[in-house]
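Participant: coords please:
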Amino acid sequence: MTQPSASLSLSAEKPKNIETQHEDMIHDAQLDFYGKRLATCSSDRTVKVFDVVNGTPSTTGETLVGHQGPVWQVAWAHPTFGPILASCSYDGKVIIWKDSNGAGGQGSAAQSHSNPYGGSGAYGAPPSSAGGWSKIKEHALHTASVNSIAWAPHELGSVLACASSDGNVSVLTFNNDGTWAVDIVSAHPVGCNAVSWAPATYPGSLISAQTSAAGPGAAQGQAGDEGGKLIKRFASAGCDNTVKIWQFNDEANRYVEVESLEGHTDWVRDVAFAPNIGLPKSYLASASQDRTVLIWTQDSPTSAWTKTALNPASTSAGAAAVAGTAASTGAAGAGGASNKFPDTVWRVSWSVSGNVLAVSGGDGKITLWKENLKGAWECVSEMDS
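Facilitator: Modelled structure (predicted):
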């Protein structure tokens with residue numbers, strides 16, 4: 001691990017290697033809400049689930065078999081809905097799995113809520129069990145690879161968004177009568193690579209609540225009118241080099257495009273909304289094949305989105321890579337190299353508090369970024385995978 005480059009440096013334990021027994025490349029790894037379970041997925045067409053003890057996964061995990069192609073992503077549902085895991089694959093399918101053995105060490109919180117998914121084998125899906133895990137839903141409406149999945153904030157209910165190479169985003173909603181509703185959004189005609197849900201609280205609702213509490217004479221703006229309203233909004237990243245934001249319109253009874261953000265010059269590989277507790281400012285990060293990461297900010301729900309590119313030249317590894325790029329491309333190529341990472345940027349992920357962004361790229365490095373008091377983004381930690 002290299003030396004952190006800023007006064008805002010973050011300390012971390014030494015990374016631990018985990019033997020998953022996958023037989024091919026691993027594409028995703030996700031801890032559950034409590035950090036007690038780790039799910040991984042691979043080109044070997046399987047999903048594996050491990051119990052985590054003292055920060056180290058158990059040596060033997062459970063293998064979930066059901067996909068006929070490489071599995072790209074896994075996503076845990078909020079524990080309100082029980083031990084539920086979703087996976088998506090090149091085979092065009094999304095599978096939702098349920099562990100009938102309970103929360104697997106997650107504590108009693110998950111058990112204290114009624115499980116809306118019922119028993120194993122619900123919805124007519126063929127039972128496919130591994131240990132206590134069974135397949136409760138197989139979503140096969142897409143006609144090409146499903147590249148990304150994301151559960152909506154739990155306040156919105158049991159809702160899963162799925163982004164596919166067929167250009168569509170499908171939104172699965174579990175109904176109280178035990179059925180699933182599906183909304184299809186034609187997001188990016190040439191293919192959709194990633195999807196991310198925005199926080200369910202309306203931007204600025206925290207401030208408006210404090211304003212309303214000040215007295216009946218307090219000013220009521222748009223944020224105040226929407227303060228108690230939950231919003232269904234997600235971002236999609238496409239092969240058309242754009243990021244689009246979609247919001248559910250009650251009158252039209254469907255998701256409509258509210259923003260199209262242009263700034264990348266190649267496929268957008270990932271997109272991630274930052275967590276928000278109702279503050280007016282919204283943050284959205286996007287990663288691209290063009291080797292850049294853009295931070296999109298919106299100061300209020302009615303203001304325009306503005307973009308800021310991360311500068312990897314501020315890191316020790318990034319400075320060396322930029323110098324190498326300048327040397328190989330000459331002076332003409334050096335001008336635009338400062339905002340470019342050494343390789344394709346594949347994933348971006350926010351901390352739970354929403355103030356630290358993790359960036360991973362094709363060069364095998366992970367960098368952590370934080371906004372300083374002057375509004376500039378600084379790399380606060382680097383590590384090699």
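
Participant: So which residues of this protein form helices?
Facilitator: 205-213, 222-225, 316-329, 331-334 (DSSP state H).

Participant: Would you mind checking which of those scores lowest on average pLDDT?
Facilitator: Lowest mean pLDDT within the helices of the chain: helix 331-334, a mean of 37.

Participant: How many residues are close by the spatially closest residue to Q289 that is not a sequence neighbour?
Facilitator: Among residues not flanking Q289 along the chain, D266 sits closest, at 3.8 Å (Cβ to Cβ, 6 or more residues apart in numbering). C-beta coordinates here come from the backbone N, C-alpha and C atoms, glycine included. Residues lying near D266 (other Cβ atoms under 10 Å) number 13.

Participant: Same question for the one 10 residues further on.
Facilitator: Burial measure for N276: 21 neighbouring residues, criterion other Cβ under 10 Å.

Participant: ok, it - contacts?
Facilitator: Contacts for N276 (Cβ atoms under 8 Å, 6 or more residues apart in numbering) come out as A198, P199, T201, P203, S282, Y283, G354.

Participant: next one: W350
Facilitator: Listed by Cβ under 8 Å, 6+ apart, the contact partners of W350 are A272, F273, A274, P275, Y283, A285, V356, L357, A358.

Participant: The fourth one contacts P199, correct?
Facilitator: What that stands for is P275. Yes: look at P275 against P199 with Cβ atoms under 8 Å: they come within range, at 6.1 Å.

Participant: hang on, the earlier thing: which two of the contacts of N276 have the greatest separation?
Facilitator: T201 and Y283 (14.0 Å; Cβ to Cβ).

Participant: Relative to V256, how far out is N175?
Facilitator: 22 Å (Cβ to Cβ, to the nearest Å).

Participant: Same question for stretch 344-363: list its buried residues.
Facilitator: 344-348, 350, 354, 356-361, 363 (16 or more other Cβ atoms under 10 Å).

Participant: first vs last residue of it, how far apart are they?
Facilitator: End-to-end distance for stretch 344-363: 8 Å, by Cα to Cα, to the nearest Å.

Participant: and that stretch, average pLDDT?
Facilitator: 94.

Participant: quick one, strands of the stretch 101-250 of the chain?
Facilitator: 133-139, 146-151, 159-164, 168-174, 180-186, 192-197, 233-238, 242-249 (DSSP state E, counting those that start in this stretch).

Participant: in the stretch 51-200 of the chain, which ranges drop under the pLDDT threshold?
Facilitator: Low-confidence segments of the stretch 51-200 of the chain, defined by pLDDT under 70: 59, 102-131.

Participant: how about a cut-off of 50?
Facilitator: Scanning the stretch 51-200 of the chain for pLDDT under 50 picks out 103-114, 119-129.

Participant: of all the buried residues of stretch 344-363, which two lie farthest apart?
Facilitator: Within those, two members stand farthest from each other by Cβ to Cβ: G354 and D363, at 25.8 Å.

Participant: contacting residues around V352?
Facilitator: P275.

Participant: separation between K135 and T80?
Facilitator: 21 Å.

Participant: which of these two has more neighbours?
Facilitator: Between K135 and T80, counting by other Cβ under 10 Å, K135 is the more crowded of the two (23 against 18).

Participant: Report whether the expected contact of the more buried one with I84 is present.
Facilitator: No: using Cβ under 8 Å, K135 is not in contact with I84, being 11.5 Å away.

Participant: Need the overlap of contacts for the two.
Facilitator: I96, W97.

Participant: Name all residues that make contact with L310.
Facilitator: T292, V293, L294, I295, N339, V359, W369, W377, C379.

Participant: In those residues, find the pair that's most separated.
Facilitator: Most distant of the contacts of L310, by Cβ to Cβ, are L294 and C379, 15.5 Å apart.

Participant: Mind checking which of the two has more residues around it?
Facilitator: The neighbour comparison of L294 against C379 (other Cβ under 10 Å) goes to C379, with 25 against 22.

Participant: I'd guessed the more buried one sits against S314; true?
Facilitator: Yes: assessed by Cβ under 8 Å, C379 is found in contact with S314 at 5.5 Å.

Participant: tell me which of the contacts of W350 is nearest to T60?
Facilitator: Nearest to T60 among these, with distances taken as Cβ to Cβ, is A358, at 28.7 Å.
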